[in-house]
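Visitor: pasting the sequence and the predicted coordinates here, then a few questions.
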Amino acid sequence: MEYHLVNRGTWLLAKAQTPKPTKVRLVLAQQRQVAILERVRLHGGVKVSDLVAEFGVSDMTIRRDLETLADQGLVAKVHGGATTVRPGSTEEPGFAAKSVRHRPEKAAIAARAAELVRPGMAVALSAGTTTAELALRLVGVADLTVITNSVPVADVFYRSGRPDQTVVLTGGMRTPSDALVGPVALAAIRSFHPDLLFLGVHGMSERAGYTTPNLMEAETDRALVDAAGKLVVLADSSKWDLLGISTIAALNEAHILITDSGLPAPAAALLSESVGELIVT
């Protein structure tokens, strides 16, 4: 209760104004971490920014949650989020999972790759998060023809709506990495002859070359390699000595390999001798 002076000698008993309770979303740290883990397992990866918005907590709180899960071996921390633990040779992370890994390196690689494209060219882009980054930089190139088996790559160009660009999406069956594969994709790819192929890969090694964990995607990527006049491989340094079950191409089949400065010195030396040109961003 509160008392208010109305005039000299007179007091008025007034009911105190109690503020209306605000609806607060309280989630215990353990409950939140379980929910985060479920999202990682369902989607293959999560972004810190998305989790901050979803749970209404600070960036630092989410990062502590991810660190706790990583310490237990349940997730792998990456730049800007977390993904499932490093896969084996046949396990294929989804596009969302891969998109949060090594984002600054992929952006730098894509920017350098875009410098190879000129107006009027026909280029092919394989599926992958680095090629999707490249697509964002190619929407400004005039009179471009793009052939791709990647749904996210095609979507970038479709959304730009440029009338002077031609985009061909191969069709086919969809993989976890949003690649289109199978007989329909192969038939389409074999009817084209692009000037350049920008190839994203799961891994690369001296023994196995450029690899993927998906057998059908390997076949589709090999068709792209055969169809193109020039092969440009886009692979950040984390791909070195990462092995997928199926080989797409040998190291020396790449006319150009664009990677980042995190590549170990012995690997850089080997690749310099193996590929036509090694570009380090």
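Guide: Now that the structure is in, tell me what you want to look at.
Visitor: could you use CA atoms for every contact and neighbour count after this?
Guide: Fine.
Visitor: got the residue ranges for the strands in the stretch 151-281 of the chain?
Guide: Along the stretch 151-281 of the chain, the segments classed as strands by DSSP state E, counting those that start in this stretch run 166-169, 173-174, 180-181, 196-200, 203-205, 209-212, 231-234, 246-249, 256-259, 277-280.
Visitor: the stretch 1-150 of the chain now?
Guide: For the stretch 1-150 of the chain, applying DSSP E, counting those that start in this stretch gives strands covering 2-7, 10-14, 45-47, 76-78, 81-83, 122-125, 145-148.
Visitor: remind me, longest helix of this structure?
Guide: helix 29-43 (DSSP state H).
Visitor: domain parsing for the chain?
Guide: Segmentation of the chain into domains, based on automatic domain parsing, reads 1-85, 103-280.
Visitor: would you indicate which residues of stretch 243-262 are buried?
Guide: By neighbour count on 16 or more other C-alpha atoms under 10 Å, the buried set for stretch 243-262 is 243-260.
Visitor: coming back round to it: just so I know, which of the strands of the stretch 151-281 of the chain lies nearest Ala135?
Guide: For the strands of the stretch 151-281 of the chain, proximity to Ala135 was assessed by C-alpha to C-alpha; strand 196-200 is nearest, at 10.2 Å.
Visitor: what about Met60, neighbour count?
Guide: Residues lying near Met60 (other C-alpha atoms under 10 Å) number 11.
Visitor: need the pLDDT of the closest residue in space to Gly276 that isn't next to it in sequence.
Guide: Among residues not flanking Gly276 along the chain, His255 sits closest, at 4.5 Å (C-alpha to C-alpha, 6 or more residues apart in numbering). His255 carries a pLDDT value of 98.
Visitor: hmm, Leu231 and His255 touching each other?
Guide: Yes: His255 lies in contact with Leu231 (C-alpha atoms under 8 Å); the separation is 5.4 Å.
Visitor: stretch 107-116: how far from the chain's middle?
Guide: How far stretch 107-116 lies from its chain's middle: 15 Å, per C-alpha atoms, centre = their mean, to the nearest Å.
Visitor: mind listing what the closest residue to Ala142 other than its chain neighbours touches?
Guide: Using C-alpha to C-alpha, 6+ apart and skipping the chain neighbours, the partner closest in space to Ala142 is Pro119 (4.9 Å). By C-alpha atoms under 8 Å, 6 or more residues apart in numbering, the residues touching Pro119 are 141-144.
Visitor: leaving out sequence neighbours, find the closest residue to Pro264.
Guide: The shortest distance from Pro264 to any non-neighbouring residue, by C-alpha to C-alpha, 6+ apart, is to Ser237 (7.9 Å).
Visitor: picking up where we left off before, can you pick the most crowded of the contacts of Pro119?
Guide: Leu144 (21 neighbours).
Visitor: quick one, grab the pLDDT at Ile258.
Guide: 98.
Visitor: quick check: bridge partners of it?
Guide: Under the criterion DSSP bridges, Ile258 forms beta bridges with Leu234, Ile279.
Visitor: how close does it sit to Tyr158?
Guide: Relative to Tyr158, Ile258 is positioned 26 Å away (C-alpha to C-alpha, to the nearest Å).
Visitor: again, but for Gln33
Guide: Applying C-alpha to C-alpha to Gln33 and Tyr158 gives a distance of 37 Å.
Visitor: compare neighbour counts for these two and give me the winner.
Guide: Each of Gln33 and Tyr158 has its neighbours counted (other C-alpha under 10 Å); Gln33 has more, 18 against 15.
Visitor: OK, contacts around that one?
Guide: 65-66, 69.
Visitor: closest to Lys47 among these?
Guide: Of the contacts of Gln33, the one sitting nearest to Lys47 (C-alpha to C-alpha) turns out to be Leu66, at 10.3 Å.
Visitor: in contact with that closest one, which residues are there?
Guide: 33, 75, 77, 81-82.
Visitor: top of these by neighbour count?
Guide: Among the contacts of Leu66, Ala82 has the most neighbours (other C-alpha under 10 Å), with 28 neighbours.
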